[in-house]
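Trainee: Got a predicted structure plus its sequence, pasted below:
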There are 2 protein chains.
Amino acid sequence: MQLFENITKMQEWAREQKKQGQSIALVPTMGYLHEGHLALVKEARRQCDKVVVSIFVNPIQFGAGEDFEQYPRDLEQDSALLEKERVDALFSPGIRDMYPGSFQTFVEAYGEITEKMCGASRPGHFKGVTTVVSKLFNICQPDRAYFGQKDAQQLMIVEKMVRELNFPLEIIRVPIVREKDGLAMSSRNVYLSPEERAEALVLYRALKMAEEEIKNGEREIGIIRQKMEEMIEACPRAAIDYIAINNANDLSELQTCTGKVLIALAVKFGKTRLIDNLIVEV
Amino acid sequence: MQLFENITKMQEWAREQKKQGQSIALVPTMGYLHEGHLALVKEARRQCDKVVVSIFVNPIQFGAGEDFEQYPRDLEQDSALLEKERVDALFSPGIRDMYPGSFQTFVEAYGEITEKMCGASRPGHFKGVTTVVSKLFNICQPDRAYFGQKDAQQLMIVEKMVRELNFPLEIIRVPIVREKDGLAMSSRNVYLSPEERAEALVLYRALKMAEEEIKNGEREIGIIRQKMEEMIEACPRAAIDYIAINNANDLSELQTCTGKVLIALAVKFGKTRLIDNLIVEV
């Protein structure tokens, strides 16, 4: 596996691969890799000639007072994990190379899809995401880019951006990977105390309960949301950021549960904010 | 020459060329081609294996009350001109294909470089430009893209965007092409009445006078600007939009004329707004 810290060298490598007719997969990550990331990498490895994984903790997608500084990093261990998956190139650029002092160009998605859920809780977050993802696309020139369904809203916004700005590539959705007890894999899980870790199971339990309710015929969003709320509020360490039940195609509001429904939630345990989601076909 | 109206087909053609190791030139235009455009095409033809010219009158770079509807169009004549220049592909997409109803993703450059000059006179203009140029880059996947020095501010913003978003391509600057009497070539020149056309020579005359002043030792921006103003205001049909004397590298303000100086101006004749500029090395 080749390590690239230099943007121009990464770009030249990608250009050379394309010239030779090789298809390129990109797996954009912020590092501190877990099985969820590796599921993306394995899918990429199956589908493309060359696999590039980027590791970059992107400062512009963190808000003031968020965990940019504390975000866990371990390039050495990540690198070993990626070697094992037969990744071709690891791209790990410096912050000042990605964002020189004069940096002032942004890619931004507007509208309902960016305004609710994480967009409401983390103003500017998705602008940071679409900007860095655009840069990574331009640098690594992938034919396919792999994103996890755990960040459902991010995935939808990136898909919309690719469609609307005509990026010459395909976005591949990869399902959420969970711990045996149901907790969605996340680099942020390391922040949790044992007590919080135990209570954090409530995210998935609330989602499964909501799914069950719908399967049993419940269609009223207000009722489902309230039941989820009650379940989560029973956990003393949990503070709900949002519970959202929306159209899974464009995040538009639903009058009632019909079609493809995205149930998503964000819950804080102390300073740690966890997200999870589930799609139900009604 | 192949004509592409379909975005996907254009993109597939470009992808195929790249796979075969062919270099691609893109000349983005709004059509109604004149010698200025053809200078871009000739330069592209010299430097690349395949030349793509796009013709698209981009609605989102026009403000309310501007000339989007009246902007001159003649695809048949343009097509004949491009055939003669041995262009490989003409890309002429439909507005609804470029901007479907749900379109909400924009590329935007912020800061001084977009705020003054045409950015002040035409709010939203450059956001429209950077967005459409990003789309054209993603669709046509050029190795080099050709822009005229006449739109000096646009050129600088596009260069900055390419640098900051890491587009895998090179921007080529092509000098202004002028009529024999000095008027900068522009599709908008057809709007001018014979009287306005005669008076419009004052743009280039004012620029040359300013250049002469600097060559003769004048360094005070206020004085140079005032002399230009006086010359232009002597024309009864001319209304100055702006006269700007700035650092030619980043449009920053200058205390005095030093280094590379961009002298740029926009002047209205009736409803027709003309721009012109000149770079002086002091």
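Mentor: Now that the structure is in, tell me what you want to look at. Residues are numbered from 1 along each chain as shown, chains lettered A, B, ... in the order given.

Trainee: Now do the helices in the stretch 101-250 of chain A.
Mentor: Secondary structure of the stretch 101-250 of chain A by DSSP state H, counting those that start in this stretch: the helices cover A:112-115, A:118-121, A:125-140, A:152-165, A:194-199, A:202-215, A:221-233.

Trainee: hey, which of the ones you listed is tucked in deepest?
Mentor: Mean neighbour count (mean count of other C-beta atoms under 10 Å in any protein chain shown) peaks for helix A:125-140 among those, with a mean of 24. The way it works is simple: take the backbone N, C-alpha and C, and place the C-beta from them, glycine included.

Trainee: between that helix and helix B:125-140, how many degrees?
Mentor: For helix A:125-140 against helix B:125-140, the angle by axes from the mean of the first three to the mean of the last three C-alpha atoms, to 10 degrees is 40 degrees.

Trainee: May I see the helices of the stretch 101-250 of chain A arranged in CSV, with distance to residue A:60 and mean pLDDT as well?
Mentor: CSV is the format used below for these (distance: least, C-beta to C-beta, whole Å; pLDDT from 0 to 100):
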stretch, distance to residue A:60, mean pLDDT
helix A:112-115, 15, 94
helix A:118-121, 15, 95
helix A:125-140, 4, 98
helix A:152-165, 14, 98
helix A:194-199, 28, 97
helix A:202-215, 27, 98
helix A:221-233, 31, 98
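
Trainee: Could you count how many residues lie near the nearest residue to residue A:30 once chain neighbours are set aside?
Mentor: Among residues not flanking residue A:30 along the chain, residue A:57 sits closest, at 4.8 Å (C-beta to C-beta, 6 or more residues apart in numbering or on different chains). By other C-beta atoms under 10 Å in any protein chain shown, the residues close to residue A:57 number 19.

Trainee: Point out the residues in chain A that sit beside chain B.
Mentor: Residues of chain A lying close to chain B (C-beta under 8 Å from any C-beta of the partner chain) are A:7, A:11, A:14-15, A:18-19, A:21, A:100, A:102-111, A:113, A:130-131, A:134-135, A:138-139, A:141, A:160-161, A:164-168, A:250.

Trainee: got a pLDDT number for the most centrally placed residue in chain A?
Mentor: Centroid-nearest residue in chain A, with C-alpha atoms, centre = their mean: residue A:151, separated by 3.5 Å. For residue A:151, the pLDDT comes out at 97.

Trainee: nearest residue to it other than its sequence neighbours?
Mentor: Residue A:151 sits nearest to residue A:275 (C-beta to C-beta, 6+ apart), 7.2 Å away.

Trainee: Can you give me the distance of that neighbour to residue A:244?
Mentor: For residue A:275, the distance to residue A:244 equals 10 Å [C-beta to C-beta, to the nearest Å].

Trainee: per-domain residue ranges of chain A.
Mentor: Per automatic domain parsing, the structural domains of chain A span A:2-174, A:187-281.

Trainee: Just name the most buried of those domains.
Mentor: For the domains of chain A, the highest mean count by mean count of other C-beta under 10 Å goes to domain A:2-174, at a mean of 19.

Trainee: quick one: stretch A:14-28 to chain centroid distance?
Mentor: 23 Å (C-alpha atoms, centre = their mean, to the nearest Å).

Trainee: residue boundaries of the strands in chain A?
Mentor: Taking DSSP state E to define them, one finds strands in chain A at A:2-4, A:24-29, A:50-55, A:89-91, A:105-109, A:144-148, A:170-174, A:238-247, A:260-269, A:272-281.

Trainee: what would those look like in CSV with mean pLDDT?
Mentor: Formatted as CSV, the strands of chain A follow (pLDDT from 0 to 100):
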stretch, mean pLDDT
strand A:2-4, 98
strand A:24-29, 98
strand A:50-55, 98
strand A:89-91, 98
strand A:105-109, 98
strand A:144-148, 98
strand A:170-174, 98
strand A:238-247, 98
strand A:260-269, 98
strand A:272-281, 97
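
Trainee: right, and those - which one's nearest residue B:27?
Mentor: strand A:105-109 (22.2 Å; C-beta to C-beta).

Trainee: List the contacts of the closest one.
Mentor: Counting contacts by C-beta atoms under 8 Å, 6 or more residues apart in numbering or on different chains, the residues outside strand A:105-109 that touch it are A:126-127, A:130-131, A:133-134, A:157, A:160-161, A:164-165, B:104-110, B:130, B:134, B:160-161, B:164-165.

Trainee: One more pass at 7 Å, please.
Mentor: For strand A:105-109, contacts defined as C-beta atoms under 7 Å, 6 or more residues apart in numbering or on different chains pick out A:126-127, A:130-131, A:134, A:157, A:160-161, B:104-109, B:160-161, B:164-165.

Trainee: for stretch A:242-258, same thing?
Mentor: A:112-113, A:116-117, A:121, A:153, A:156, A:214, A:219-221, A:224-225, A:228-229, A:259-266, A:279, A:282.

Trainee: Ends of that stretch, what's the gap?
Mentor: Taking C-alpha to C-alpha, to the nearest Å, the first and last residues of stretch A:242-258 lie 21 Å apart.

Trainee: May I ask you to confirm that the residue nearest to residue A:30 is in contact with residue A:71?
Mentor: Yes - between residue A:57 and residue A:71 a contact is recorded at 5.2 Å, counting by C-beta atoms under 7 Å.

Trainee: Find the residues that touch each one of those two.
Mentor: By C-beta under 7 Å, 6+ apart, the residues touching both residue A:57 and residue A:71 are residue A:30.

Trainee: ok so, going back, out of the helices of the stretch 101-250 of chain A, flag the one nearest residue A:84.
Mentor: helix A:125-140 (20.9 Å).

Trainee: helices or strands up against that closest one?
Mentor: helix A:7-19, strand A:24-29, strand A:50-55, strand A:105-109, helix A:118-121, helix A:152-165, helix B:152-165 (3 or more C-beta pairs under 7 Å, 6 or more residues apart in numbering or on different chains; DSSP states H and E).
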